[in-house]
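Trainee: Sharing a model prediction with you, sequence too.
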Amino acid sequence: KDSKNVEIQFLNTGYEATVELGHIKSGSIKDPYSPSVYGVGIFGTKYPSKVSGIHTKEYTLWCNMLQRCYSTTLKKQRPTYVGCEVSDKFKSYEYFYEWCQSQVGFGIVGFELDKDLLTKGNKVYSEDSCVFLPIEINTVLTKCTSSRGEYLIGTHWSNSNKAFVARVRKNKGEQERLGSFNTEIEAFNAYKEAKENYLKELANKWKGKIDDRAYDALMSYEVHIDD
C-alpha cells in the first residue's frame with residue numbers, strides 16, 4: 001500500500017502480516033511460525049514471552065524444556081538428557097501455553113514440570129507424559145546415576161563396616177541410612193521397600209493438590225533392580 005504498510009506472506013507457513021518496507025530490507029522481519037527456538041520451537045503470535053519485562057512462567061518452562069532436549073552444550077554437561085525429545089504439539093509455544101493453564105499445580109511456587117513419573121523411563125516431553133510435581137516429590141524421583149557407582153540403586157559397599165549399606169533419599173533430598181546387610185540384594189530390597197513406602201506417604205500428603213494421574217503413579221510406583 002505504501003512504505004509503511006506492506007502486506008507480506010511467508011510461503012513456508014502461510015503467515016501473513018503488514019510491515020514496513022525498511023524492516024523487510026533490513027531482514028528484521030521473521031516468521032513467528034518457523035522453528036526458530038533451538039531449531040525446533042515455534043513461538044507463534046498468540047502469547048507473549050514477557051510481561052513487564054519479565055519472562056512468563058510458560059515461556060521459561062518451554063525454553064528450558066527445549067534446551068534440555070536440543071542444546072548440544074547442555075547435553076554435554078548433563079548427559080542424562082541425551083535421547084530426550086519434545087512432542088510435536090509441545091514444540092508449539094501456543095499449544096504449550098494453553099496446556100499449562102489446564103494443569104494441576106501449574107503456577108504454584110515450588111512445583112516443577114516432570115516427564116518421568118507417569119511413564120517410567122520416558123524420554124519424551126509431551127501433553128500425555130508431563131505433570132507438575134512439588135519439589136519434595138521430584139527430588140525423590142531424581143536418579144543420581146553418575147554418582148551412584150557400580151552397585152545397585154540405593155546401595156553401596158562400606159569398607160569400615162565390611163557390609164553393604166542401603167540409603168534412601170527423603171526430606172529435602174537428605175539420605176536416610178537403612179542399615180547394613182550381608183549381601184547387595186538384601187540392601188537393595190531394603191531400599192526398594194523404603195522408597196516405595198515413602199512415595200506412598202508423599203502421594204497421600206499431596207493428595208488433592210497434585211494431578212490424580214500423579215497420585216495413582218506414586219501409589220503404584222515400583223523400584224526395579226536395574227533402575
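Mentor: Here it is on my side, so go on.
Trainee: Past the helix or strand of the chain with the lowest mean pLDDT, which element shows up next along the chain?
Mentor: Lowest on mean pLDDT, DSSP states H and E among the helices and strands of the chain sits helix 145-148, with a mean of 56. Following helix 145-148 in sequence order, the next helix or strand is strand 155-158 (DSSP states H and E).
Trainee: Name the residues that touch that next one?
Mentor: 149, 151, 163-167, 180, 184, 187-188, 191 (Cβ atoms under 8 Å, 6 or more residues apart in numbering). For every residue, glycine as well, the C-beta is placed using N, CA and C.
Trainee: Derive a PyMOL selection command for the buried subset of the residues you listed.
Mentor: In PyMOL syntax, the buried subset of the contacts of strand 155-158 is picked out as below (16 or more other Cβ atoms under 10 Å):
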select buried, resi 163+164+165+166+167+180+184+187+188+191
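Trainee: among the contacts of strand 155-158, which two are most distant?
Mentor: For the contacts of strand 155-158, the maximum inter-member distance is 16.9 Å, found between Gly149 and Ser180 (Cβ to Cβ).
Trainee: In the protein, where is pLDDT below threshold?
Mentor: Applying pLDDT under 70 to the chain picks out residues 144-148, 172.
Trainee: picking that back up, now intersect the contacts of strand 155-158 with the helices, please.
Mentor: 184, 187-188, 191 (DSSP state H).
Trainee: Confirm Glu98 sits in a strand?
Mentor: No: using DSSP: H, G, I helix; E, B strand; the rest coil, the secondary structure at Glu98 is helix, not a strand.
Trainee: ok, which stretches of the protein are strands?
Mentor: Remark: strands assigned in the chain by DSSP state E are 6-9, 16-19, 50-51, 54-55, 85-86, 111-114, 124-125, 131-134, 155-158, 163-169, 175-181.
Trainee: Now render the ones you listed as JSON lines, adding distance to Leu199.
Mentor: Formatted as JSON lines, the strands of the chain follow (distance: least, Cβ to Cβ, whole Å):
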{"stretch": "strand 6-9", "distance to Leu199": "53"}
{"stretch": "strand 16-19", "distance to Leu199": "50"}
{"stretch": "strand 50-51", "distance to Leu199": "36"}
{"stretch": "strand 54-55", "distance to Leu199": "33"}
{"stretch": "strand 85-86", "distance to Leu199": "26"}
{"stretch": "strand 111-114", "distance to Leu199": "13"}
{"stretch": "strand 124-125", "distance to Leu199": "22"}
{"stretch": "strand 131-134", "distance to Leu199": "11"}
{"stretch": "strand 155-158", "distance to Leu199": "18"}
{"stretch": "strand 163-169", "distance to Leu199": "10"}
{"stretch": "strand 175-181", "distance to Leu199": "14"}
